[in-house]
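*Asks:* sequence and predicted structure below; questions after.
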There are 2 protein chains.
Amino acid sequence: MKTKKVRIAIAGYGNLGKGVELAVRQNEDMELVGVFTRRDPASVKLMTEGVRVYNISDAKNMADQVDVLIICGGSATDLPKQTPELAKYFNVIDSFDTHARIPEHFANVDKAAKENGHIAFISLGWDPGLFSLNRLYAESILPNGKSYTFWGKGVSQGHSDAIRRVKGVKRGIQYTCPVEAAMDAVRSGSQPELTTREKHTRECFVVAEEGADKAAIEAEIKGMKNYFDQYDTTVNFITEEEFDRVHNKMPHGGFVMRSGLTGDGEKTHQMIEYSLKLESNPEFTASVLVCYARAMSRLAAEGQTGCRTAFDIAPAYLSPLSGEELRAQML
Amino acid sequence: MKTKKVRIAIAGYGNLGKGVELAVRQNEDMELVGVFTRRDPASVKLMTEGVRVYNISDAKNMADQVDVLIICGGSATDLPKQTPELAKYFNVIDSFDTHARIPEHFANVDKAAKENGHIAFISLGWDPGLFSLNRLYAESILPNGKSYTFWGKGVSQGHSDAIRRVKGVKRGIQYTCPVEAAMDAVRSGSQPELTTREKHTRECFVVAEEGADKAAIEAEIKGMKNYFDQYDTTVNFITEEEFDRVHNKMPHGGFVMRSGLTGDGEKTHQMIEYSLKLESNPEFTASVLVCYARAMSRLAAEGQTGCRTAFDIAPAYLSPLSGEELRAQML
């Protein structure tokens, strides 16, 4: 089973890209061979000795030196363009997470990958990704049941951005919190119908500009359509010192639950629960992407092409262990 | 995607076989076509109208009427013989759970299945099965970390049998209980080294024979080598009426946890936890087997042969939904 290392490249060197760089180090069977950026390469300092930074426009010239390119752009505007484009030259992995646009993104990436003999994995990470896998396994096993996803406690980038757009806000961060009572109701087997408000609360920490109207800031945040108006929201004003000291991490996580019924008369309650508690969302997402790079190198060696999601990858492809080792040690 | 139903047969009609019969009913794309038993078929009454019971010796004559045979025998003596033998005539699924003997069982079943152009899945259920899958995913994603499995609260058949062999015991049942403090220590990220005693306790409920020496029974149970001597065990003597009223179910479950570290200096704690809370162990195990029967019918249609475990099956094969539906609804 020992073969040469999987050669990884990274496109986009933000929090996720840095996480990928660090995750590659944890896997002996992989090596980082380059980072592609839209910035001036000379301005980007990596944590890995001996690895070069290239402008993204030069990426295609590196195609023969890279087994898997992990694309670490944003879902809003970067990935819809980058992933199909780069799939022409590379086997690619992304973490595209705009759920509603996944079918369209899949079609675009699938076409580009197939036409150029490459393989592509999209929408990897934890949601979409591991949470999706757990929804699929649980719903397939317990067809008579109800599924629930709770997120948090964790930082929502979109909601934090929304806060920071409010007039008078200097710094702002938003935590999505699952409601414990709602989760306990699900665990009891009562299969409750839960409203948006009943499932999550939103907790905001804001540093106000000097002399800003705090009451107005709080009212504007709480009333913000789609972002906050359907939730019980708390707004806490803190000092910049506290903000920098306490709110400098990107924790996240959540819960996927399936409450099902089996047996004669469908009266037997069966509960499946999967949860993540992550001190760093981008580092964990990066770990998932890197693990799937191993699977990709194997599928590519089999000659597979086109687009795949986590649903399509047999679990054994993810592990550095052989089939024999897995059956002996992990089954 | 709509095709004819997957035709399921069951070999062995105990608790697990009955669970399979009931689970098939929950899946519109499957139908039960027969039950094979070692008993007199006339003595076996099914819950499904119009389905016949056959002697196991007649099974091979039914091969052309069955897509997937789910073998519901015991791991100690039944499955090591039955699965390779029946794989000559059928695509077969079993729940073989003697972890140490899985490699040998895999080899025997693989040979029989390949030689006869069939496909076989072994060691399905929740442990081995879903717990194994979660160990694999979590360890592949977080290579720097430590894994833990806790079982319970639930009935251990082996330990209950052991209690019932003690002189003076009329009825007996044993619950394996995970130690909450140990689980919380794992969740904290401290990656504790836990002894057998620190991870689980064993709780026994016993109905003593008239005039039996209860102190002697308790001492013999608590000192039983391998079964109880390494655990904190409690023995509760109860009336037969209470035993029948309270201890007539087969609940089980457990927890698979992975505590990992990522990031610069490997200081970021990432926690993955999977848990099951099952009111009926055999009904849930049956639900897993039946769900994998769907995957088997698809792999068989692709012409695949030989033995597989849960590690080898891409998740999408388990769902009645198409790839397009899965990506749109569940990713």
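*Replies:* Nice, I can see it. Numbers count the residues shown, from 1 in each chain, chains lettered A, B, ... in the order given.

*Asks:* going forward, measure contacts and count neighbours with C-alpha atoms only.
*Replies:* Noted.

*Asks:* and the pLDDT at the nearest residue to A:L133 once chain neighbours are set aside?
*Replies:* Excluding the flanking residues, the one nearest A:L133 by CA to CA, 6 or more residues apart in numbering or on different chains is A:F311, at 6.4 Å. A:F311 carries a pLDDT value of 98.

*Asks:* how many other residues sit next to A:F311?
*Replies:* 25 (other CA atoms under 10 Å in any protein chain shown).

*Asks:* tell me if I'm right that it and B:L318 touch.
*Replies:* No: using CA atoms under 8 Å, A:F311 makes no contact with B:L318, being 9.6 Å away.

*Asks:* nearest residue to the residue in chain A positioned nearest to chain B other than its sequence neighbours?
*Replies:* Nearest residue of chain A to chain B: A:A314, at 3.8 Å (CA to the nearest CA). Using CA to CA, 6+ apart and skipping the chain neighbours, the partner closest in space to A:A314 is B:A314 (3.8 Å).

*Asks:* which ones are touching that neighbour?
*Replies:* A:311-315 (CA atoms under 8 Å, 6 or more residues apart in numbering or on different chains).

*Asks:* now for the strand or helix carrying A:G172, which elements pack on it?
*Replies:* Using DSSP states H and E, A:G172 sits in strand A:169-178. Helices and strands touching strand A:169-178, by 3 or more CA pairs under 8 Å, 6 or more residues apart in numbering or on different chains; DSSP states H and E, are strand A:145-151, strand A:154-155, helix A:157-164, strand A:200-208.

*Asks:* do the shortest one and chain B meet?
*Replies:* No: judged by CA under 8 Å from any CA of the partner chain, strand A:154-155 makes no contact with chain B; its nearest approach is 13.0 Å.

*Asks:* and that strand, what other elements does it pack with?
*Replies:* Against strand A:154-155 (3+ CA pairs under 8 Å, 6+ apart) you get strand A:169-178, strand A:252-262.

*Asks:* the last one too?
*Replies:* For strand A:200-208, the elements it packs on are strand A:169-178, strand A:232-237, helix A:240-246, judged by 3+ CA pairs under 8 Å, 6+ apart.

*Asks:* name the next helix or strand downstream of that strand, please.
*Replies:* With DSSP H and E, the next secondary element past strand A:200-208 is helix A:214-223.

*Asks:* next, the angle strand A:232-237 makes with that next one.
*Replies:* Per axes from the mean of the first three to the mean of the last three CA atoms, to 10 degrees, the angle that helix A:214-223 makes with strand A:232-237 is 150 degrees.

*Asks:* chain center to helix A:214-223, what's the gap?
*Replies:* Averaging C-alpha coordinates over helix A:214-223 and over its chain gives two centres that are 30 Å apart (CA atoms, centre = their mean, to the nearest Å).

*Asks:* now that helix: buried residues?
*Replies:* A:214, A:217-218, A:220-222 (16 or more other CA atoms under 10 Å in any protein chain shown).

*Asks:* for these, which one is nearest B:D29?
*Replies:* Nearest to B:D29, judged by CA to CA, of the buried residues of helix A:214-223 is A:K222 at 47.6 Å.

*Asks:* which helices and strands does the lowest-mean-pLDDT helix or strand in chain A pack with?
*Replies:* Ranked by mean pLDDT, DSSP states H and E, the helix or strand of chain A with the weakest confidence is helix A:157-164, at a mean of 94. Applying 3+ CA pairs under 8 Å, 6+ apart, one finds that helix A:157-164 contacts strand A:169-178.

*Asks:* neighbouring strands for the strand it packs on, and are they parallel or not?
*Replies:* strand A:154-155 (antiparallel), strand A:200-208 (antiparallel) (DSSP bridges).

*Asks:* put together JSON lines for those, with distance to A:A162, mean neighbour count and mean pLDDT on each row.
*Replies:* Below are the strands paired with strand A:169-178 laid out as JSON lines (distance: least, CA to CA, whole Å; neighbours: other CA atoms under 10 Å in any protein chain shown; pLDDT from 0 to 100):
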{"stretch": "strand A:154-155", "distance to A:A162": "12", "mean neighbour count": "24", "mean pLDDT": "97"}
{"stretch": "strand A:200-208", "distance to A:A162": "11", "mean neighbour count": "22", "mean pLDDT": "98"}
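
*Asks:* quick one: the ones you listed as CSV, columns for distance to A:V33 too.
*Replies:* Shown next, in CSV, are these (distance: least, CA to CA, whole Å):
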stretch, distance to A:V33
strand A:154-155, 31
strand A:200-208, 40
